[in-house]
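Undergrad: missing the sequence, but the structure's below:
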DNA sequence: ATGATTGTTAACGACTTGTTAAACCCATAG
DNA sequence: CTATGGGTTTAACAAGTCGTTAACAATCAT
């Protein structure tokens, strides 16, 4: 289920788009101002942004720039009534990926959306191969962690978290990144849940003396392999 | 240097495109038929495909499908004179990523091309690069300073301050500039905090004899590299 | 020499994280 | 329909970390 953040101040169009896109299997959240959209983007995880260019308070271009500061990957598509050359270029300069001029058909919009979702999705596709790290292994297929004959079966969230840490081994994973990746939102309680799961993983991996999960105060965690 | 495979049967347009794109720093190879383009694709590596829809022997759609069988990742962009709805949908269905209707400006084309090249490029290079200064390195991703095997993990403010100093190495950074940049305000106590952080950074970097932070009395600080 | 600026260290308080356990949720079995 | 159990979230408290402030020493400019 892909989540789309739609920023559109025209209520009718917004409703129509939300309706149509939902039918196509997307989860759509709508905000009518750039400010609100930016706030929502920061607290929840989305897979794609769809912004109207003309909006009160903050126009689509500025909004896109703000988003790009936080996320260089997420696809951003613009909707606009005008098909002016300068407008298009300004759009691309502010970090847009595509530019759709009204009137457009839902089918075309959906095609363009799926082009970008396919691309970002293919980056995520995790291989189901056995992963070796330190003196241990993790089996993504069976969600189990093994070291020297001992095997622990992990729960869903434990597994996701371990996989994230492994994929970024040595690097600091920011709390908000983890929270958005696994829980979809970033609030106080999910944050505490994260700490609880870190504690559990530490309990598992302590059998492998080469492994440790280091905290970077106020920033996040990193898996260290000595 | 990104390599583009252009399939276009109109000689004039093909030449014009090749010329313009070359000037923008792309390496462009042209074929005037789908069959030839497919053959060339199989024998050489490209980063992006740009196909005219209407071509003798094999149209752009069929060509795209053939390419997609061999490479699911490479971006494929269509050029077409018609902006018919059905055409666009057929294009996307055959594996296209974008669809540009003539007439178009080179600037717009170049924007759309770079959107996709950026995406595929970013899949290859994921990590931010290290900053080297003196005999040391600073890793902005993990907020850590390293010299000769030793690594210090910095706090948020330490990291910001070091980064500021590095970016202005050799030049004097005025106190008020630093204070506004990092703390947002410039009052007496934040000023004293700054002095405390300078002391901490000095403690870290003293392991690198080539580095020193010099004070300019009443003005600010500068990072000196001998 | 004197007042202002900077260097240095330590302590305090706010906030983040570690840890454990209880509460809660939800699916499944009885 | 209730009981059970696995898994997750919430709560509560302990431990740790960081930024600020204070205090005092050293240095600089005039």
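TA: Sure thing, it's come through. The shown structure was predicted, so the numbers you read here are calculated from the model rather than taken from an experiment. Residues are numbered from 1 along each chain as shown, chains lettered A, B, ... in the order given.

Undergrad: Quick check: what element follows the helix or strand of chain A with the lowest mean pLDDT along the chain?
TA: Comparing helices and strands within chain A by mean pLDDT, DSSP states H and E singles out helix A:85-93 as the least confident, with a mean of 79. Downstream of helix A:85-93, the next assigned helix or strand under DSSP states H and E is strand A:98-101.

Undergrad: anything in that following strand near chain B?
TA: Yes. Counting by C-beta under 8 Å from any C-beta of the partner chain, chain B has neighbours in strand A:98-101: residue A:98. Where C-beta positions appear, they are placed from N, C-alpha and C, glycine not excepted.

Undergrad: residue ranges for the strands of chain A, please.
TA: Taking DSSP state E as the criterion, chain A contains strands spanning A:3-7, A:27-31, A:48-52, A:76-80, A:98-101, A:131-133, A:136-139, A:144-147, A:150-153, A:173-174, A:211-216, A:220-225.

Undergrad: Using JSON lines, lay out the ones you listed together with distance to DNA strand C and mean pLDDT.
TA: Shown next, in JSON lines, are the strands of chain A (distance: least, C-beta to the nearest atom of the strand, whole Å; pLDDT from 0 to 100):
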{"stretch": "strand A:3-7", "distance to DNA strand C": "19", "mean pLDDT": "93"}
{"stretch": "strand A:27-31", "distance to DNA strand C": "18", "mean pLDDT": "92"}
{"stretch": "strand A:48-52", "distance to DNA strand C": "27", "mean pLDDT": "93"}
{"stretch": "strand A:76-80", "distance to DNA strand C": "29", "mean pLDDT": "91"}
{"stretch": "strand A:98-101", "distance to DNA strand C": "37", "mean pLDDT": "87"}
{"stretch": "strand A:131-133", "distance to DNA strand C": "19", "mean pLDDT": "92"}
{"stretch": "strand A:136-139", "distance to DNA strand C": "18", "mean pLDDT": "94"}
{"stretch": "strand A:144-147", "distance to DNA strand C": "17", "mean pLDDT": "93"}
{"stretch": "strand A:150-153", "distance to DNA strand C": "16", "mean pLDDT": "91"}
{"stretch": "strand A:173-174", "distance to DNA strand C": "9", "mean pLDDT": "94"}
{"stretch": "strand A:211-216", "distance to DNA strand C": "4", "mean pLDDT": "96"}
{"stretch": "strand A:220-225", "distance to DNA strand C": "7", "mean pLDDT": "95"}
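
Undergrad: Format the ones you listed as JSON lines; extra columns: distance to residue A:184 and mean neighbour count.
TA: Below are those laid out as JSON lines (distance: least, C-beta to C-beta, whole Å; neighbours: other C-beta atoms under 10 Å in any protein chain shown):
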{"stretch": "strand A:3-7", "distance to residue A:184": "8", "mean neighbour count": "23"}
{"stretch": "strand A:27-31", "distance to residue A:184": "10", "mean neighbour count": "17"}
{"stretch": "strand A:48-52", "distance to residue A:184": "14", "mean neighbour count": "25"}
{"stretch": "strand A:76-80", "distance to residue A:184": "19", "mean neighbour count": "23"}
{"stretch": "strand A:98-101", "distance to residue A:184": "25", "mean neighbour count": "19"}
{"stretch": "strand A:131-133", "distance to residue A:184": "24", "mean neighbour count": "16"}
{"stretch": "strand A:136-139", "distance to residue A:184": "23", "mean neighbour count": "18"}
{"stretch": "strand A:144-147", "distance to residue A:184": "24", "mean neighbour count": "18"}
{"stretch": "strand A:150-153", "distance to residue A:184": "24", "mean neighbour count": "12"}
{"stretch": "strand A:173-174", "distance to residue A:184": "16", "mean neighbour count": "18"}
{"stretch": "strand A:211-216", "distance to residue A:184": "22", "mean neighbour count": "16"}
{"stretch": "strand A:220-225", "distance to residue A:184": "17", "mean neighbour count": "19"}
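
Undergrad: Redo those as CSV? Include distance to residue B:153.
TA: Formatted as CSV, the strands of chain A follow (distance: least, C-beta to C-beta, whole Å):
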stretch, distance to residue B:153
strand A:3-7, 34
strand A:27-31, 37
strand A:48-52, 33
strand A:76-80, 33
strand A:98-101, 40
strand A:131-133, 21
strand A:136-139, 24
strand A:144-147, 26
strand A:150-153, 29
strand A:173-174, 14
strand A:211-216, 6
strand A:220-225, 9
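
Undergrad: Of all the ones you listed, which one comes closest to residue B:96?
TA: With C-beta to C-beta, the closest approach to residue B:96 among the strands of chain A belongs to strand A:98-101: 12.2 Å.

Undergrad: which strands and helices sit next to that closest one?
TA: strand A:76-80, helix A:85-93, helix A:106-124 (3 or more C-beta pairs under 8 Å, 6 or more residues apart in numbering or on different chains; DSSP states H and E).

Undergrad: returning to that earlier point: report whether the least confident helix or strand of chain A contacts chain B.
TA: Yes. Applying C-beta under 8 Å from any C-beta, one finds helix A:85-93 touching chain B at A:85, A:88, A:89, A:92, A:93.

Undergrad: quick one: low-confidence parts of chain A?
TA: A:83, A:124-127 (pLDDT under 70).
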